[in-house]
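In: Predicted model and sequence below, questions to follow.
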Amino acid sequence: MTEEERYFFDVRGYHLVENALNPDELKALNEIFDAQQAHLPGPRAGRARYLELINWGRPYRDLIDHPAVLPHLEEMLGEGLRLDHEYAEHMVAGGAGELHINGTPYSTMFHYHVAEGRIHCGLVAVVWALQDVPPGVGGFCCIPGSHKSSFAPPVSITCVGTPSPGVQQISCPAGSAIIFTEALRHGTLAWNAPTQRRSLFYKYSPRHVSWWGTYYDPEAYDYTDRQKKLLHAPYHSRTWQQAPGKGYVVSPS
């Protein structure tokens, strides 16, 4: 991250990478999403969640360590970060959700603090926008700076049916990525655009913790060595070794 990016991430709790995907990547992801959505029963309205995205094909697996976001994640979580879980959502109309999460420096998973000039985070999310998110249409929202709040927000703020002036929608063009600490108070505003909202959520944790509680099989697909490391179950740095030519394994010691 540049000094400016680091400063604003520390102040706001999120960082927007516009046009992180190239047109070919965006097209491939949307075509696969179309195919997956065709299997849904009934009309495609409201809001739906899809799990196990890395089983959808290589374009979705390539997001695991996408070069547009990985350097930012490494600065926030350290080089030993791991993919904790991933899912997708679509919204057609309505479907607002309350603001949730606010970490503390003492939370195992949802924490944020800076020490000795370095960011220390718990769970960090990357939201990939597969469709344009113009200003005022809804979708992802947050209270910038709330990752440092010392007080729980009142219900009048966390209920976003009638959002407080302090709740900010994050608009962005299709192909952008929003990176945010889960200590940030965030949620979803009602969607009111004529197009469908399509968002992919890839969530990363420090190497020694897990939030989702299930783990990936690094041998399930033809992953790169870097992807295998990111998919590993939680581990301590002293039990990790690289097996030459065989990806990564956990040491028995």
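Out: It's in.
In: what residue ranges in this structure score low on pLDDT?
Out: 41-45, 95-97, 102-108, 236-253 (pLDDT under 70).
In: what about the residue lying closest to residue 221 once chain neighbours are set aside, neighbour count?
Out: Closest residue in space to residue 221, ignoring its immediate chain neighbours: residue 61 at 6.2 Å, by CB to CB, 6 or more residues apart in numbering. Where C-beta positions appear, they are placed from N, C-alpha and C, glycine not excepted. Other residues near residue 61 come to 19 when the count uses other CB atoms under 10 Å.
In: What segments of this structure are strands?
Out: 14-17, 47-51, 82-91, 97-100, 112-115, 118-121, 124-129, 139-142, 168-169, 177-181, 186-189, 197-205, 240-242, 248-250 (DSSP state E).
In: These: which one's closest to residue 230?
Out: Nearest of the strands of the chain to residue 230, taken as CB to CB: strand 82-91 at 5.0 Å.
In: Packing partners of that closest one?
Out: Packed against strand 82-91 by the contact rule (3 or more CB pairs under 8 Å, 6 or more residues apart in numbering; DSSP states H and E) you find helix 23-37, strand 47-51, strand 197-205, helix 225-230.
In: try 7 Å
Out: strand 47-51, strand 197-205 (3 or more CB pairs under 7 Å, 6 or more residues apart in numbering; DSSP states H and E).
In: Pull out the buried positions in the first one.
Out: In this case it means strand 47-51. Using 16 or more other CB atoms under 10 Å as the test for burial, strand 47-51 gives 47, 50.
In: could you dump that strand to PDB, C-alpha only?
Out: Only the C-alpha atoms of strand 47-51 are listed here, as PDB (Å, rounded to 0.1, in the frame of the first residue of the first chain):
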ATOM      1  CA  ARG A  47     -31.600 -11.800  -2.200                       C
ATOM      2  CA  ALA A  48     -29.700 -15.200  -2.400                       C
ATOM      3  CA  ARG A  49     -26.400 -16.500  -1.200                       C
ATOM      4  CA  TYR A  50     -24.100 -19.000  -2.900                       C
ATOM      5  CA  LEU A  51     -21.400 -21.000  -1.200                       C
END
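In: Give me the contact list for that strand.
Out: 36, 40, 87, 88, 89, 90, 91, 95 (CB atoms under 7 Å, 6 or more residues apart in numbering).
In: Walk me through which strands that strand pairs with, and which way each runs.
Out: Strand 47-51 sits in its sheet next to strand 82-91 (antiparallel), going by DSSP bridges.
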